[in-house]
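**Q** Need the 3D shape of this:
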Amino acid sequence: MSGLCARGLTAALFGVLPAVVVAQGTAELSGKVVAKGSGDPVTGVTIQVAGSTLGTITRSDGTYRLVLRAGRYDLRIRLLGYTSQVDTVTIAAGRAVRRDYTLAKAPMQLDAVAVTGTRADERTITTSPVPVDVISAAQLAATGRTETGQMIQLAAPSFNFARATVQNGADFMRPATLR
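**A** Predicted structure coming up:
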């Protein structure tokens, strides 16, 4: 009996045991997602297990791979601009499952997004002809930066202080702008 245990331990140490023993109770779900009509692979499709954070995204060739525990899962297959699909798959331990999907294009009209910014009364002098932000020394110190331009940029989001990318002497002059 001890010889059998020693051989089993040796096999495990040298990686001879099949991967199913290592990942007991799991199996691989894989497949390919193609476009309806053309059959071209669709990149970036999300295949997600409903009600969980488990999922994957198709590669450039439309293929995907997902390792799941044994059980029954509802999958959501979706990509913006294509019809979504819902599928139920049953995973048995140690048995690979292949599911291919075909998505039809579904042009959609996206709503416009409007963003409105306002200045806070407790920090801005609003009675002047132009808005003036009042930033205390404590607020500047709290940014954790050592360069004044960066401190102001972090304290006042409308202030933009560009970082120089050219090393030819032009970095001595860095203009600040307001957005």
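**Q** any idea how far residue 157 is from residue 59?
**A** Computed as Cβ to Cβ, to the nearest Å, the residue 157 to residue 59 distance reads 37 Å. (Each C-beta comes from the backbone N, C-alpha and C, glycine too.)
**Q** quick one: which of the two has more around it?
**A** In this comparison of residue 157 against residue 59, neighbours counted by other Cβ atoms under 10 Å, the higher total goes to residue 59 at 15 against 9.
**Q** What's the biggest strand in the chain, counting residues?
**A** Taking DSSP state E as the criterion, the chain has its longest strand at strand 26-35.
**Q** Can you give me the buried ones in that strand?
**A** The neighbour-count criterion (16 or more other Cβ atoms under 10 Å) identifies 27, 28, 29, 30, 31, 32, 33, 34 as the buried residues of strand 26-35.
**Q** Average pLDDT for that strand, rounded please.
**A** Per-residue confidence for strand 26-35 averages out to 92 on the pLDDT scale.
**Q** for stretch 94-107, same thing?
**A** Stretch 94-107 comes out with an average pLDDT of 91.
**Q** Show residues contacting it.
**A** When contacts are taken as Cβ atoms under 8 Å, 6 or more residues apart in numbering, the neighbours of stretch 94-107 outside the stretch itself are 20, 26-37, 42, 45, 75, 77, 79, 81-83, 85, 87, 89-91.
**Q** Pull out the buried residues from that stretch.
**A** 94, 99, 101, 102, 103.
**Q** first to last residue in it, what's the distance?
**A** Between the start and the finish of stretch 94-107 there is a gap of 40 Å, counting by Cα to Cα, to the nearest Å.
**Q** so how far is that stretch from its chain's centroid?
**A** Centroid displacement of stretch 94-107 relative to its chain, using Cα atoms, centre = their mean, to the nearest Å, is 21 Å.
**Q** Beyond the longest strand of the chain, next helix or strand please.
**A** Per DSSP states H and E, strand 26-35 leads on to strand 46-49 as the next helix or strand towards the C-terminus.
**Q** distance of the residue lying closest to residue 36 once chain neighbours are set aside from residue 81?
**A** Nearest residue to residue 36, sequence neighbours excluded (Cβ to Cβ, 6 or more residues apart in numbering): residue 104, at 4.1 Å. Counting by Cβ to Cβ, the separation of residue 104 from residue 81 is 10 Å.
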